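> Sequence plus predicted model, see below.
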There are 2 protein chains.
Amino acid sequence: MPTPFVLKLEYGAGLSDRDRQELEQAVRDVRQFKARHDLILEDDSPENVHVILEGFACRYKRLPDGGRQIMAYLIPGDCCDLHVSILNKIDHTIGTLTACKVAFLPHTIIEDLMSQSRTITRALWWATLVDAGTVREWLINMSRRPADKRLAHLLCELLMRLQAVGLATDNSFVLPLTQRQLADTLAMTGVHLNRIVRQLRVGGLIMLKGHTITIPDVERLKIFSDFNPNYLHLTQHHET
Amino acid sequence: MPTPFVLKLEYGAGLSDRDRQELEQAVRDVRQFKARHDLILEDDSPENVHVILEGFACRYKRLPDGGRQIMAYLIPGDCCDLHVSILNKIDHTIGTLTACKVAFLPHTIIEDLMSQSRTITRALWWATLVDAGTVREWLINMSRRPADKRLAHLLCELLMRLQAVGLATDNSFVLPLTQRQLADTLAMTGVHLNRIVRQLRVGGLIMLKGHTITIPDVERLKIFSDFNPNYLHLTQHHET
DNA sequence: CGATTACTTGAGCCTACTCAACTATCGTGG
DNA sequence: CCACGATAGTTGAGTAGGCTCAAGTAATCG
């Protein structure tokens, strides 16, 4: 069974067996973190690239009123700070949401991988470009959709992304987040999110059992939330 | 006087004279477009990279209700679709807001530039990473700030970005957009935006004369809108 | 100069927020 | 293993920022 890291990058470029091997071997330094632990702080210029292997992490910024806005979820297979060396400094914070297992890859190893394989280079850039596309879609989601569709859209996205790394079935997945964390993501209050979750539940759009979410009719949820998966760019591998 | 394209990339990497020359020479095919003209449509896989030389363009997505959300402004010096070849398809539309002069650079030329100069490679990637950072800041702006601070924040950003390419003075610039276009950007109705503009005007935070915006006290506007310019990464050039 | 587009202002409504209290669940030490 | 404190989730009542609808004025362009 390939790791989520390799599984994910497969979508970005047609990896060779050797590429896969190189990527697996690059993951040596693996560390465990508790929930709510900041991995990288704003203004850091970290010398490692961080890859999430298990658990949920996020990018976020703090707000003057003490709240925070989560700008991206980082799930197994995702890189936290690929290519930040080009910007020198990171302009947001990266922290865990749940307990996480995180691989630390020194920049030198990333550079080696990229100089050895054009496919890996392409796959890594693909990952950052998909990240950028995802933020754009979140911008639409936060600014234009009402609370119920906003949550529904996020769930559609998570279903697809988790499926891509083998962490979701056809219509269900484990979402180990608190409602407060979801509220920080969807730019609403915890109170309001709670009401919206109930609304989707009684509307039959989602089912909850503990932290497991099941979507009885995926197509219906996609239509409801105006979900178009094109921004995830998961459909086709690219030649070269 | 260097073109905005070169002026902008200077911030991403310390270009050599030769780099500047190469970049200037790469701009051969320049075309003129009217306002409200779509340059690149969703699902296109364009074979040219488009660089804005004059005027304002934007990235946007249409919404099911007929409205649209503008996700980024593209001002002189900005590249529209750098590196989309890695994603095969673009997941949003790019269109002009005002009349624009746009350079068309074939991908082959971009690849030549990048293979000849590591600095140019770095600068071009810097530009896309800054774009990504800017969308993240917009996400915060749209989802967390009230209408007045939202507009103020956008104006602070535009002041800095236009200054970087020599199109703004210390405290003023020309913003050739309609209120409707601003409203599509800031995710509010035209009616509401109009009220907010007036509010900032009577509050003495901005002054308007035609399409020229003057900011009497830039520092005050920055504090008011919680503006932190770090996400624009305009501060320091990077060695090699 | 007429027609279209852009801007302005008013009135009433609704989504999502705040404040508040209460219940359930989780984690940890005695 | 239970007890207790802390965190998470739930529900109610009232408020407000931004929306809709509407009507009118100013600016722009052919």
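Yes, it's here.
> Local confidence estimate at the residue located most distally from the centre of chain A?
Within chain A, residue A:202 marks the point farthest from the mean C-alpha position, 27.8 Å out by CA atoms, centre = their mean. For residue A:202, the pLDDT comes out at 95.
> Could you do residue A:99 as well?
If you check residue A:99, the pLDDT there is 95.
> Can you name the residues that contact it?
Going by CB atoms under 8 Å, 6 or more residues apart in numbering or on different chains, residue A:99 touches A:32, A:33, A:34, A:35, A:54, A:55. For the C-beta atoms, the positions are set from N, CA and C on the backbone; glycine is no exception.
> Please repeat the previous calculation with a cut-off of 7 Å.
A:33, A:34, A:35, A:55 (CB atoms under 7 Å, 6 or more residues apart in numbering or on different chains).
> Return the list of helices and strands in contact with the helix or strand in which residue A:115 is found.
Per DSSP states H and E: residue A:115 is located in helix A:107-116. The contact analysis (3 or more CB pairs under 7 Å, 6 or more residues apart in numbering or on different chains; DSSP states H and E) places helix A:107-116 against helix A:17-26, helix A:118-144.
> The ones you listed: which one's closest to DNA strand D?
With CB to the nearest atom of the strand as the criterion, DNA strand D lies closest to helix A:118-144 of these, at 8.8 Å.
> hmm, back to that, now the helices and strands packed on helix A:107-116 as a markdown table including mean pLDDT, mean neighbour count and distance to residue B:230?
A markdown table is the format used below for the helices and strands packed on helix A:107-116 (pLDDT from 0 to 100; neighbours: other CB atoms under 10 Å in any protein chain shown; distance: least, CB to CB, whole Å):
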| stretch | mean pLDDT | mean neighbour count | distance to residue B:230 |
| --- | --- | --- | --- |
| helix A:17-26 | 95 | 15 | 30 |
| helix A:118-144 | 97 | 22 | 17 |
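> With distance to residue A:66 as added columns, please give those helices in TSV.
TSV is the format used below for these (distance: least, CB to CB, whole Å):
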stretch	distance to residue A:66
helix A:17-26	39
helix A:118-144	19
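> Report the separation between the residue nearest the centre of chain A and chain B.
Centroid-nearest residue in chain A: residue A:74, 3.2 Å away (criterion: CA atoms, centre = their mean). To chain B, residue A:74 is 13 Å away according to CB to the nearest CB, to the nearest Å.
> Tell me how far that residue lies from residue B:138.
20 Å (CB to CB, to the nearest Å).
> And residue A:7, by the same measure?
The gap separating residue A:7 from residue B:138 is 31 Å, by CB to CB.
> repeat for residue A:57
From residue A:57 across to residue B:138, the span is 22 Å (CB to CB).
> Now tabulate the helices and strands packed on helix A:107-116 in CSV and tack on distance to DNA strand C.
Formatted as CSV, those follow (distance: least, CB to the nearest atom of the strand, whole Å):
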stretch, distance to DNA strand C
helix A:17-26, 31
helix A:118-144, 10
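> Which parts of chain A are strands?
Listed in chain order, the strands of chain A (DSSP state E) span A:29-33, A:38-40, A:48-54, A:57-62, A:68-74, A:93-96, A:100-106, A:172-174, A:207-209, A:212-214.
> In JSON lines, list those along with distance to residue B:194.
Formatted as JSON lines, the strands of chain A follow (distance: least, CB to CB, whole Å):
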{"stretch": "strand A:29-33", "distance to residue B:194": "48"}
{"stretch": "strand A:38-40", "distance to residue B:194": "41"}
{"stretch": "strand A:48-54", "distance to residue B:194": "45"}
{"stretch": "strand A:57-62", "distance to residue B:194": "29"}
{"stretch": "strand A:68-74", "distance to residue B:194": "27"}
{"stretch": "strand A:93-96", "distance to residue B:194": "36"}
{"stretch": "strand A:100-106", "distance to residue B:194": "47"}
{"stretch": "strand A:172-174", "distance to residue B:194": "44"}
{"stretch": "strand A:207-209", "distance to residue B:194": "43"}
{"stretch": "strand A:212-214", "distance to residue B:194": "42"}
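> Nearest to residue B:87, out of those strands?
Residue B:87 lies closest, by CB to CB, to one member of these: strand A:68-74, at 17.3 Å.
> what comes into contact with the closest one?
Under the contact criterion CB under 7 Å, 6+ apart, strand A:68-74 has outside partners A:52, A:56-63, A:80, A:92, A:131, A:134-135, A:184-185, A:187, B:136, B:139-140, B:143-144.
> Show me which positions of it end up buried.
If you call a residue buried by 16 or more other CB atoms under 10 Å in any protein chain shown, then strand A:68-74 has these buried ones: A:68, A:69, A:70, A:71, A:72, A:73, A:74.
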